[in-house]
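1. Next one to model:
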Amino acid sequence: MKRFAWVAAWLAATGLAQAGDLRIATFNTESDSDTQPPKVAETIVALGTFDVLAVQEVESWQALKEYAEAAAKQGGKWRFVISESRTNADRQADLLGLIYRTDMFRQLETNELHVIRSKPDGSAYGKPDWSLRGALSLRLQDLSTGAEFRIVTLHLKCCNEPATRAHQTRLLAAELAKTTVPTIVLGDTNIPIEPGQNQPDPANLSSFQDLGSRSGRKWLAPRINAASA
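-> Here you go, the predicted structure:
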């Protein structure tokens with residue numbers, strides 16, 4: 001694992017304030033052949049304090065368990081959930097995970113949105129492409145206030161395919177619109193935004209707006225940490 005990926009978060013505009021401060025981190029762990037889960041775990045420890053950690057490109061259930069144990073070194077009780085989107089056709093196992101504090105939150109629901117594992121072909125849902133990843137959704141309740149919220153982590157299509165990303169985000173936005181629970185969307189979107197800019201280039205603007213302003217969410221610009229692990 002070489003560095004943190006450029007990631008972004010979209011926060012529901014209303015509803016989360018009643019739950020108080022919420023500290024969330026997101027990390028693409030890069031499931032390459034040279035990735036070493038113990039080194040990734042060391043980096044997670046170095047992140048500092050957080051309440052929920054979203055991770056992308058996790059190579060195995062055992063690796064995610066190791067990352068949850070690293071998170072637990074800051075104190076509290078922790079649990080993790082893992083996606084079903086497993087081995088892609090052209091890469092090693094490439095999973096999504098969410099790690100959260102069970103002494104702060106109650107898990108109400110977990111599901112994976114496979115509908116975004118497709119490419120556009122003019123139809124409503126597009127052509128299935130199982131080499132793509134789904135989106136992992138976790139609905140939590142704040143134990144101190146009773147407030148509910150949902151966290152969705154994803155890893156959208158990379159490699160100069162803005163049309164595929166636009167298709168994926170349109171489908172995801174439609175699914176998220178079915179719930180009134182405030183939702184945070186974060187992960188490796190592969191939507192390029194230059195540092196200091198507040199939106200991407202025109203080719204990726206539709207995807208950006210589907211996850212943000214069109215869905216009633218506010219984009220939170222990420223802080224980049226280029227530390228090696």
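
2. From now on I want contacts and neighbour counts done on CA atoms only, so please keep to that.
-> OK.

3. Check residue 155 and give its pLDDT.
-> pLDDT for residue 155: 95.

4. how much space is there between it and residue 85?
-> Remark: distance between residue 155 and residue 85 (C-alpha to C-alpha, to the nearest Å) = 11 Å.

5. Common neighbours of the two, please.
-> Both residue 155 and residue 85 are in contact with 133-134, where contact means C-alpha atoms under 8 Å, 6 or more residues apart in numbering.

6. more crowded one of those two?
-> Legend: neighbour count by other C-alpha atoms under 10 Å for residue 155 and residue 85, higher for residue 155 (24 against 21).

7. Is that one in contact with residue 169, as I believe?
-> No: taking contacts as C-alpha atoms under 8 Å, residue 155 lies outside contact range of residue 169: 10.9 Å.

8. Name the residue most distant from the centre of the chain?
-> residue 122 (26.9 Å; C-alpha atoms, centre = their mean).

9. separation between residue 136 and residue 81?
-> 9 Å.

10. of the two, who's got more company?
-> residue 136 (26 against 20).

11. which residue sits closest to that one in space, ignoring its chain neighbours?
-> Leaving out its chain neighbours, the residue that sits closest to residue 136 by C-alpha to C-alpha, 6 or more residues apart in numbering is residue 112, at 4.6 Å.

12. what's near enough to touch the residue nearest the centre of the chain?
-> Closest residue to the average C-alpha location of the chain: residue 153 at 2.1 Å, with C-alpha atoms, centre = their mean. By C-alpha under 8 Å, 6+ apart, the contact list for residue 153 reads 54-56, 96-98, 135-137, 185-187.
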